[in-house]
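Peer 1: sharing a model prediction with you, sequence too.
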Amino acid sequence: LVILGESADDRKSTAVSKTTAFFLNTVTDFRVCFGVGSAEGLQRRFLKDASDGKPSSVLLVFDELKAFVGKSKLDGSVLLPMVCTLFEGNRYESHTKDREIILKGAYLSILAASTIETYERTWDSAFTDIGMTNRLFIVPGQGKRLHAIPAQVPSHEWDIMKNDLGKILRAASLTPELDITPGARTIYEHWYLNLEQSIHTKRLDTYGLRFMILLAVNSGKSEVDESVVHDVIDLMNWQLQARRM
């Protein structure tokens, strides 16, 4: 996920930091890595929490996407192919004469803020050839000045959000698989089969399937129904327009 906007007034970094802080204070095993310089460094971060033999999950956070873009373009770096591979699955291996990277059961998510100028730099051959651009879910937006000194969020509102999140996570742990209703499947298949073929639509269907799960669980549903699929299709069509822009 990349939040796109201009510097300062759009408050991209504030959105990232406040959201990350909420989950760190709410979920005990929420693991965050605030920046990484190489694939070997990311490997060490995964292995740091995998000593108990359980799969490791890490949210990789970049206050500025340009830090990741710069590190990915270094000669000999395998950071870019590593994160691209972990978008599709949970295993990555790289073997050379001097180094070895082996990751199994690795669950990686990325959250970054970026200016439009930095995002445009990801459209060179190093990123497009490997498909990094269509692995990014972009959220463009603009901020408006409302408060010179924002007030604190009342503690009871934090407690309500924490309790709601706890309920969602407990429900999700009891439902390891979600079914999809026949009507929902028909609606999604019609959208999928009629999706235009272009560089902007690549992996939109992958995101669609993931958002079906997220929106269904977030709504407390045990299956993906027509309402969820309609919402997902609206979201994917919006993402398509954002990519074109």
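Peer 2: Structure received.

Peer 1: from here on, contacts and neighbour counts on C-alpha atoms
Peer 2: Noted.

Peer 1: separation between the residue of the chain most remote from its centre and L47?
Peer 2: Most distant residue from the mean C-alpha position of the chain: K97, 32.9 Å away (C-alpha atoms, centre = their mean). Going from K97 to L47 by C-alpha to C-alpha, to the nearest Å gives 22 Å.

Peer 1: and what of H95?
Peer 2: 17 Å.

Peer 1: those two: which is more packed in?
Peer 2: Neighbours around H95 and L47, counted as other C-alpha atoms under 10 Å, are more numerous at L47. The numbers are 18 against 9.

Peer 1: what helix or strand is that one located in?
Peer 2: Assigned by DSSP states H and E, L47 belongs to helix 39-48.

Peer 1: residues of that helix that come out buried?
Peer 2: Of all the residues in helix 39-48, those buried under the rule 16 or more other C-alpha atoms under 10 Å are A39, E40, L42, Q43, R45, F46, L47.

Peer 1: turn the residues you listed into a markdown table, columns for pLDDT.
Peer 2: Converted to a markdown table, the buried residues of helix 39-48 look like this (pLDDT from 0 to 100):
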| residue | pLDDT |
| --- | --- |
| A39 | 88 |
| E40 | 88 |
| L42 | 88 |
| Q43 | 88 |
| R45 | 87 |
| F46 | 86 |
| L47 | 83 |
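
Peer 1: which one of the residues you listed is nearest M82?
Peer 2: Proximity of these to M82 (C-alpha to C-alpha) peaks at A39, which lies at 6.8 Å.

Peer 1: residues in contact with the closest residue to that closest one other than its chain neighbours?
Peer 2: Leaving aside its sequence neighbours, A39 sits nearest to L79 (C-alpha to C-alpha, 6 or more residues apart in numbering; 4.5 Å). Applying C-alpha atoms under 8 Å, 6 or more residues apart in numbering, we find L79 in contact with S38, A39, K71, S72.

Peer 1: ok, L79 to D98 distance?
Peer 2: The separation that L79 has from D98, given C-alpha to C-alpha, amounts to 16 Å.

Peer 1: repeat that for K12.
Peer 2: 39 Å.

Peer 1: low-confidence stretches in the chain?
Peer 2: 7-10, 50-55 (pLDDT under 70).
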